[in-house]
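In: this is the structure alone, sequence omitted:
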């Protein structure tokens, strides 16, 4: 009897499903997370095997866990190439049986599992990447050093304060801190993420000043407690108190509202980036106009775009060019160009080039709506 033949399409589908299933079963860390997330089904497959493991048992709502997270991530990134050591974590809200099994009663609990053993030792040291690395190196006979991560926070001094903070072309958020201040230490990793989120914005500066070291500046701006955050917008260099929340999302929302930026907490541009309200209204008129009337509306768009300044002026040019291309190539231009930009964004490109493409996609979406 003849063997049934499987079509290429069916075979491709089967292979795709197999790959997806394998990916789902893999205990790989989440994208952008160097720490291996363990579950009830993967814990024994990874821990107690042919490498030692440092495991953090945590709860998502735990404040101390959140404070530890950037340090633990830094540790995992540094030990990424150390084949004899695993840096992992377990969400005890989600995987209660694992945490119960190892006597976890508070968060975060950090335990060391020697190679080939499921009998852990509790880590009692400091919760910094450096202290954790020293402990792991001692237990595993490794020699890994914590990789230095470049900071996006601008460090101010008495010599540089005025040139940075009083620059009329910049919106500047300044943290006045003291090295010994516990609240300042807790804020530090969040503040670093804020700076990273806005590092591509030419008009925004996230900075800090050691107020213990530069007391005259702290006194000048009425700083009496730490951390004190002050915002110095382009139009008010006397400064204004920042009184918002101290979560990453709070800072991002504040900067976006004050500076007219459109970033999310990861520094990615939102769907609002690049849009200009006065031009959007004209695009609606352009979109509904008959073909023989579109040049008249284009003239209005050009006239309005010429009034813009700063980054808005650059965005205005994109509006004008898009309208010209639609008149020249037809309404299909927006769809084809959007697809091209989407393909480009999937490639490995610089962050600044990605920003450029996202802004253009956002503006083309207005012409398509």
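Out: Thanks, I have it. The model shown is predicted, which means the values in this text are computed figures rather than measured ones. Residues are numbered from 1 along each chain as shown.
In: domains for this protein, by residue range?
Out: Per the record, the chain has its domains at 36-140, 154-259, 277-367, by the TED database.
In: now the ones you listed as TSV including mean pLDDT and mean neighbour count?
Out: C-betas here are computed from N, CA, C, even on glycine. Putting the domains of the chain into TSV (pLDDT from 0 to 100; neighbours: other C-beta atoms under 10 Å) gives the following:
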stretch	mean pLDDT	mean neighbour count
domain 36-140	95	17
domain 154-259	95	17
domain 277-367	94	15
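In: would you turn those into JSON lines with distance to residue 148?
Out: Supplementary listing: those in JSON lines, determined by distance: least, C-beta to C-beta, whole Å:
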{"stretch": "domain 36-140", "distance to residue 148": "10"}
{"stretch": "domain 154-259", "distance to residue 148": "13"}
{"stretch": "domain 277-367", "distance to residue 148": "20"}
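In: what segments of the stretch 1-150 of the chain are helices?
Out: 8-25, 43-46, 63-78, 96-101, 129-140 (DSSP state H, counting those that start in this stretch).
In: just confirm residue 209 contacts residue 178, I think it does.
Out: No: between residue 209 and residue 178 no contact is recorded; they are 10.3 Å apart, counting by C-beta atoms under 8 Å.
In: please enumerate the strands of the chain.
Out: For the chain, the strands identified by DSSP state E occupy 36-38, 52-58, 85-91, 109-113, 121-122, 154-156, 171-177, 204-210, 228-232, 240-241, in order along the chain.
In: how far does the last one sit from its chain's centre?
Out: For strand 240-241, the separation from the chain centroid amounts to 26 Å (computed by C-alpha atoms, centre = their mean, to the nearest Å).
In: who does it pair up with?
Out: Based on DSSP bridges, the strands next to strand 240-241 in the sheet, each with its direction, are strand 228-232 (antiparallel).
In: now do the second one
Out: In the sheet containing strand 52-58, the strands it pairs with under DSSP bridges are strand 85-91 (parallel), strand 109-113 (antiparallel).
In: switch the strands of the chain over to a markdown table; also include distance to residue 284.
Out: Shown next, in a markdown table, are the strands of the chain (distance: least, C-beta to C-beta, whole Å):
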| stretch | distance to residue 284 |
| --- | --- |
| strand 36-38 | 46 |
| strand 52-58 | 50 |
| strand 85-91 | 47 |
| strand 109-113 | 57 |
| strand 121-122 | 64 |
| strand 154-156 | 41 |
| strand 171-177 | 30 |
| strand 204-210 | 30 |
| strand 228-232 | 35 |
| strand 240-241 | 36 |
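In: which of the ones you listed sits closest to residue 267?
Out: Among the strands of the chain, the nearest to residue 267 by C-beta to C-beta is strand 204-210 (11.2 Å).
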